[in-house]
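>>> got a structure for you, letters missing:
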C-alpha cells in the first residue's frame with residue numbers, strides 16, 4: 001500500500017503498456033522505468049495508486065553499504081523495495097502486501113526480464129501486518145527476523161475525503177484512529193535488536209508515531225521534507241533503531257524543488273537513485 005507522489009515532479013514514463021489478467025475498465029497496467037531504467041515496476045494504469053517520490057525517498061533512507069534481511073511493509077507497487085535492492089547490493093528484500101491485486105502486480109514485477117538481476121534478492125509475501133502474531137508468523141513474518149524495515153503506510157487521516165477508487169483509497173487513507181501506531185508497533189516487533197526502522201509519513205502523524213515508538217524504537221531522527229523552499233513540510237522521514245535509548249533528533253529539512261519548480265539537486269539525486277540519506281539516521 002503506497003502513498004501518492006510527494007510533489008509535482010512528473011512520475012516515471014511508462015516503458016511499455018500491458019493489459020492486466022482481468023480485462024475491463026480499470027484493469028490496465030503499465031511497466032514503468034525507475035532510476036533511469038535500473039529497475040522496472042508493473043503498476044495500475046488509470047486507477048489505483050502509482051509510485052512517486054515518496055517511494056524513492058523511502059528507498060534512499062538506508063545506508064548503501066548495509067546488508068541483511070529487509071522488509072518493505074505494505075509494499076504496494078514495490079518501487080521502494082526494488083529501489084532499495086538497487087541501492088544496497090547486499091540486502092535481501094521481502095515485499096509484504098495483503099491486497100491480492102497488488103500482489104499480482106508485485107509478482108509480475110519480479111517476473112520482468114528487466115529485473116532479472118534482482119530476482120535472487122527479492123521475495124513477495126502475502127500477509128496482514130495488523131493480524132495477531134500467530135497469524136503473521138504463519139504467513140512467514142516472524143518477530144525479530146529482519147535487520148531493517150522500510151514502510152510507506154497509508155497515512156491520510158480518517159474521516160477525510162475518500163477516493164471512489166478502492167485501491168487508491170486503501171493505499172492512502174488510515175481506516176481508523178490508532179492504525180499508524182499499530183503499524184509501527186508491528187514494524188518494531190519484526191525487527192531484530194538494533195535493527196533499523198525507516199518510515200515516511202505526514203507531519204500530522206508525528207505525535208502518534210513517536211508515542212508508538214516509545215520503548216520500542218529509539219534514536220529517532222526526524223527529517224522534514226519540503227516540496228519547495230519556504231513552504232511547510234509535506235512529509236516526514238522517521239528513522240530509528242530497535243532498543244536504542246538515544247533521544248529524538250530533528251534534522252535540517254530536505255527540499256525537493258527550487259522556488260521555480262525545477263527539481264533541486266537533492267530531488268534529482270533521489271529520482272535517479274544516487275541519494276544516500278542513510279547518513280542522516282546514524
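Perfect, thanks for sending it. These numbers come from a predicted model, not from an experiment.
>>> drop to CA atoms for contacts and neighbour counts, all remaining ones
OK.
>>> Please, where are all the strands along the stretch 1-150 of the chain?
Listed in chain order, the strands found in the stretch 1-150 of the chain under DSSP state E, counting those that start in this stretch are 14-19, 28-34, 39-44, 67-73, 90-97, 122-126, 146-151.
>>> The ones you listed into a markdown table, with extra columns for mean pLDDT?
Output for the strands of the stretch 1-150 of the chain, formatted as a markdown table (pLDDT from 0 to 100):
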| stretch | mean pLDDT |
| --- | --- |
| strand 14-19 | 36 |
| strand 28-34 | 94 |
| strand 39-44 | 95 |
| strand 67-73 | 95 |
| strand 90-97 | 97 |
| strand 122-126 | 97 |
| strand 146-151 | 98 |
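>>> Run a quick neighbour tally on residue 215.
11 (other CA atoms under 10 Å).
>>> Return the distance of it relative to residue 242.
Residue 215 sits 9 Å away from residue 242, going by CA to CA, to the nearest Å.
>>> before we move on, what about residue 217?
4 Å.
>>> now do residue 135
Taking CA to CA, one finds residue 135 at 23 Å from residue 242.
>>> Compare the two (neighbour count), which wins?
The neighbour comparison of residue 135 against residue 242 (other CA under 10 Å) goes to residue 242, with 26 against 15.
>>> check contacts around that one.
Residue 242 makes contact with 188, 191-197, 216-218, according to CA atoms under 8 Å, 6 or more residues apart in numbering.
>>> From the residues you listed, list the buried ones, please.
With burial judged by 16 or more other CA atoms under 10 Å, the buried subset of the contacts of residue 242 is 188, 191-193, 195-197, 216-218.
>>> Among the residues you listed, find me the one that's closest to residue 141.
Of all the buried ones among the contacts of residue 242, residue 141 sits closest to residue 191, with 10.4 Å by CA to CA.
>>> looking at it, that closest one is touching residue 149, isn't it?
Yes - using CA atoms under 8 Å, residue 191 is in contact with residue 149, at 7.0 Å.
>>> Identify the contacts common to those two.
In contact with both residue 191 and residue 149: residue 197, using CA under 8 Å, 6+ apart.
>>> So what's the residue count around the residue lying closest to residue 143 once chain neighbours are set aside?
Nearest residue to residue 143, sequence neighbours excluded (CA to CA, 6 or more residues apart in numbering): residue 190, at 4.2 Å. By other CA under 10 Å, 24 other residues sit near residue 190.
>>> how close does residue 190 sit to residue 260?
Distance, residue 190 to residue 260, by CA to CA: 42 Å.
>>> Can you give me the first-to-last residue distance of stretch 73-87?
Stretch 73-87 has its terminal residues 18 Å apart, counting by CA to CA.
>>> Check the offset of that stretch from the chain's centre.
Relative to the mean C-alpha coordinate of its chain, stretch 73-87 is positioned 7 Å out (CA atoms, centre = their mean, to the nearest Å).
>>> for the residue nearest to residue 143, what are its contacts?
If a contact means CA under 8 Å, 6+ apart, then residue 190 has 141-146, 149 as its contacts.
>>> which pair in those spans the largest distance?
Across these, the longest distance by CA to CA is 12.9 Å; it joins 142 and 149.
>>> just the buried ones among the contacts of residue 242 now: which is nearest residue 43?
Set against residue 43, the nearest of those by CA to CA is residue 197 (25.7 Å).
>>> so who does that closest one touch?
Counted by CA under 8 Å, 6+ apart, residue 197 has contacts 148-150, 187-188, 191, 217, 238-242.
>>> TSV please, covering those and showing secondary structure.
Putting the contacts of residue 197 into TSV (DSSP: H, G, I helix; E, B strand; the rest coil) gives the following:
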residue	secondary structure
148	strand
149	strand
150	strand
187	helix
188	helix
191	strand
217	strand
238	strand
239	strand
240	strand
241	strand
242	strand
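>>> Determine which two of those residues are furthest apart.
For these, the farthest-apart pair by CA to CA is 191 and 238; their separation is 15.4 Å.
>>> SS state for residue 215?
Assigned by three-state DSSP, the conformation of residue 215 is coil.
>>> Now do it, the pLDDT please.
The pLDDT attached to residue 215 in the predicted structure is 94.
>>> okay, and the helix or strand of the chain with the least pLDDT?
strand 14-19 (a mean of 36; mean pLDDT, DSSP states H and E).
>>> which residues does residue 94 bridge with?
Using DSSP bridges, the beta-bridge partners of residue 94 come out as residue 71, residue 123.
>>> dump the residue contacts of it.
For residue 94, the contact set (CA under 8 Å, 6+ apart) comprises 69-72, 81, 122-125.
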